[in-house]
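# predicted model and sequence below, questions to follow.
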Amino acid sequence: MKRLLPLLTALLLLCPAARAEIVGRAGNDYIHQWTAPSGQPLYFVSAEQDPYVRMEDVNFDGVEDVVATTLLGARNFGAVFFVWDGEAYVPVTLPGEDVLMNYTLHPQLGLVETLVSEGPGGVMSTRKIWRWKGTELELMRTASGSEVTEMTVEGDIVTTATDRSLVRLRVWDNLTSMEANGVIGPALLMDMTIDFSDEDTLHAATQAMDEFIWDGLLP
């Protein structure tokens, strides 16, 4: 690994970023090929015809990896990672996700944060904290702000009602399991339903979410 670092660094400096080439279709998306500085062809699926591909050290090992854009939207952007494992660039796998949305790197913590925004103000969103496990990302915490819905069943009629005046804020510890109503899942750390019009309580609750999602992860 140490012998390859100077060579890889030199390749990154000498080889300009090339454009990804469309080599096929996957539904409405495009299958792209991009040649890494090492000469290795990398393949990924993107909604963009001309996706942006760049080099960035996403797993904090001192070697730049490959980040390819898969989606550019009004609120969200998606990306996939290919990390250098010492011999080649390996696509990063993560459970339950196809792409990393609005990712933020935390080098001092060795963590990656993702955020899916589903509405203005940032309250309606899903935020996740990941840690590296080899070339995979393991989900540690999840924080979610969602609409409050109620389902009723009358005979063959199923009705779902949404109360848009309320928001439900929850945080889970995905590394710890618990049983609720006979179902085993991630441990629920916080569960609050807040009236959107109660700005003070909503502000305090979002601060509490931030504390819960980072509890035990900060130095």
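The structure has been received and is ready for your questions. None of these values were measured; they are calculated from a predicted model.

# in terms of contact, does E150 touch T160 like I think?
Yes. Taking contacts as Cβ atoms under 8 Å, E150 lies within contact range of T160: 7.3 Å. Every C-beta, even on glycine, is put in place using the N, C-alpha and C of the backbone.

# burial measure for the closest residue to P107 other than its chain neighbours, as a count.
Spatially, and ignoring its direct neighbours in sequence, P107 is nearest to F60 (5.0 Å; Cβ to Cβ, 6 or more residues apart in numbering). Using other Cβ atoms under 10 Å, F60 has 16 other residues around it.

# which SS class is F60?
Classification of F60 using DSSP: H, G, I helix; E, B strand; the rest coil returns coil.

# would you mark the buried spots in the longest helix that the chain contains?
Longest helix in the chain by number of residues (criterion: DSSP state H): helix 199-214. Going by neighbour count (16 or more other Cβ atoms under 10 Å), the buried part of helix 199-214 is L202, A205, T206, M209, F212, I213, W214.

# same for the helix or strand harbouring S146, what does it pack against?
Element membership for S146, per DSSP states H and E: strand 136-154. The criterion is 3 or more Cβ pairs under 8 Å, 6 or more residues apart in numbering; DSSP states H and E, and the helices and strands that strand 136-154 contacts are strand 125-133, strand 157-180, helix 199-214.

# how near is the residue of the chain most remote from its centre to W84?
Distance to the chain centre peaks in the chain at G155, reaching 39.9 Å (criterion: Cα atoms, centre = their mean). According to Cβ to Cβ, to the nearest Å, G155 stands 59 Å off from W84.

# same check, this time on L94
From L94 to W84 the distance is 17 Å (Cβ to Cβ).

# and if you look at M55?
10 Å.

# anything in contact with each of these two?
Here M55 and W84 have E64, D65 as joint contacts, going by Cβ atoms under 8 Å, 6 or more residues apart in numbering.

# quick one, which of the two is more surrounded?
More crowded of M55 and W84, by other Cβ under 10 Å: W84, with 26 against 16.

# contacts only, for that one.
Neighbour list for W84: L8, D61, V63, E64, D65, V90 [criterion: Cβ under 8 Å, 6+ apart].

# need phi/psi at V83.
When read as degrees, to the nearest 10, the backbone of V83 gives phi -100, psi 150.
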